[in-house]
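quick one, structure for this:
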Amino acid sequence: MPTASAKSNSRLFALAVLISASLACGDAVPAQPIQATTSRPAAVLVWAWYSSGKEYARGQLHSLDLGLYDSRDPAVHQDHIAKWKAAGINLVLLSWWGLPHGKGFKQHVHDAVQGYASALSDAQMSWAIFWEDTRPEDLEATLEQFSTWAAQPYYAHQGGKPLLFVYNRLYDTYPLTDPLWGSLLESYHVVFDKVVERAIPELPKGAGYMYWDVPFTAESDVRRKYDLAKNNGEITRWFFVNHGFDNRGLFQPDETTCPGPNAGGQVWPDGGSSPDWLRHQFNLALEYAPIGIIFPWNELGEHSAFEPTDPLFGNACGGRGYGTTYYDLMKGLVEEFQAFGRQSQADR
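Residues are numbered from 1 along each chain as shown. Next up is the predicted model:
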């Protein structure tokens, strides 16, 4: 009987061979792939779970131009791409929840991600996967799916490797000590979310770090984590930029009643979204000289979207859409971020 250690080493070797072979050869890989990349990624994170005419979550915001849209709709993809290009966005992260098994949530999201990916490639716009979840029994097929996507012409690269963003939910199944991550890092630039503090200094060259935990952490904690990431010196830093957060609608008992203070839900900061708070968050990001910034494009349930939203809709606590306010501000911040990068390079 093989030992547990032998099984782990065998699994690591098999995963590494699978990933490397899939990326290095095979019909899915073009002879001369275009490694779409940019030295200053200004990204949006896109959720692909929306269905036509339905609220994904009670009290969610509605798109200003598209209403309650379907994330699989090609017309939605084209509308979003036009808006991203107009705002100077040059990288799109697609939230993906694993391979589907029949109809349902995962099938819906997978189909939408495939549609977005195709439309983005046609528009010659860089994109990458933001990996949210997977079933353990699907891991091998998941890695094959990643290699297929990574071989597409406008899949984004960093440091010569395809980009792969990883949400912290995956650590429940695959702790950072799991051989999976070492094998992935051989072929991908993996950007890890919300790594425990003691592990940040140990992240290896070829990895990246991001922290998505608003509004559930103090700014002092964010600074401490990014100080560790900056002192590492071997990894890339990515920073989420938010104008606020309001998920009280998820806890509404009905359409017209705002949940009480002990019923759940939170608004962040205390006064809600504001241009001043967005500026504060952006300035905080610049302090840590990130290689890339990320705007949450369409988190409509948590009211943190930069997609234009309809002021007539929202939660029963008074949280309503923002029109084009934060989309317009995002345009200016992207320009400022790119100028900051050019100045930083000139100062070296």
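
CA only for contacts and neighbour counts going forward, please
Fine.

where are the low-confidence patches of the stretch 151-300 of the chain?
Scanning the stretch 151-300 of the chain for pLDDT under 70 picks out the ranges 214-215.

quick one, strands of it?
If DSSP state E, counting those that start in this stretch is used as the criterion, the strands of the stretch 151-300 of the chain fall at 157-158, 161-166, 189-193, 207-210, 236-240, 245-246, 267-268, 292-296.

what packs against the third one?
Taking 3 or more C-alpha pairs under 8 Å, 6 or more residues apart in numbering; DSSP states H and E as contact, the helices and strands that strand 189-193 lies on are strand 161-166, strand 207-210.

who does Arg320 form a beta bridge with?
Gly314 (DSSP bridges).

please report how far it lies from Val195.
Summarising the geometry, the distance separating Arg320 from Val195, computed by C-alpha to C-alpha, to the nearest Å, is 33 Å.

the more surrounded of the two?
Remark: of Arg320 and Val195, Arg320 carries more neighbours, 20 against 17, as counted by other C-alpha atoms under 10 Å.

gap between that one and Trp277?
Per C-alpha to C-alpha, Arg320 is found 17 Å from Trp277.

kindly report the same for Ile89.
From Ile89 over to Trp277 the distance is 21 Å, taken as C-alpha to C-alpha.

tell me how many other residues crowd Leu286.
By other C-alpha under 10 Å, the residues close to Leu286 number 16.

same deal with Asp276?
Here the neighbour count serves as a burial measure; for Asp276 (other C-alpha under 10 Å) it reads 10.

cool, and Phe130?
Counted by other C-alpha under 10 Å, the residues lying close to Phe130 total 21.

average pLDDT across the longest helix along the chain?
Longest helix in the chain by number of residues, with DSSP state H as the criterion: helix 325-347. In this model, helix 325-347 has a mean pLDDT of 85.

dump it to PDB, keeping only the CA atoms.
What follows is the C-alpha trace of helix 325-347 in PDB, where atoms were taken according to Å, rounded to 0.1, in the frame of the first residue of the first chain:
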ATOM      1  CA  THR A 325     -21.600  58.600 -10.300                       C
ATOM      2  CA  TYR A 326     -19.100  55.900  -9.500                       C
ATOM      3  CA  TYR A 327     -18.600  54.800 -13.100                       C
ATOM      4  CA  ASP A 328     -17.600  58.300 -14.000                       C
ATOM      5  CA  LEU A 329     -15.300  58.500 -11.000                       C
ATOM      6  CA  MET A 330     -13.700  55.200 -11.900                       C
ATOM      7  CA  LYS A 331     -12.800  56.600 -15.300                       C
ATOM      8  CA  GLY A 332     -10.800  59.400 -13.600                       C
ATOM      9  CA  LEU A 333      -9.200  57.000 -11.100                       C
ATOM     10  CA  VAL A 334      -8.000  54.700 -14.000                       C
ATOM     11  CA  GLU A 335      -6.400  57.700 -15.700                       C
ATOM     12  CA  GLU A 336      -4.700  58.700 -12.400                       C
ATOM     13  CA  PHE A 337      -3.500  55.200 -11.700                       C
ATOM     14  CA  GLN A 338      -1.900  55.000 -15.100                       C
ATOM     15  CA  ALA A 339      -0.200  58.400 -14.600                       C
ATOM     16  CA  PHE A 340       1.000  57.300 -11.200                       C
ATOM     17  CA  GLY A 341       2.600  54.300 -12.800                       C
ATOM     18  CA  ARG A 342       4.400  56.400 -15.500                       C
ATOM     19  CA  GLN A 343       5.600  58.800 -12.800                       C
ATOM     20  CA  SER A 344       6.800  55.900 -10.600                       C
ATOM     21  CA  GLN A 345       8.800  54.500 -13.500                       C
ATOM     22  CA  ALA A 346      10.300  57.900 -14.300                       C
ATOM     23  CA  ASP A 347      11.500  58.300 -10.700                       C
END
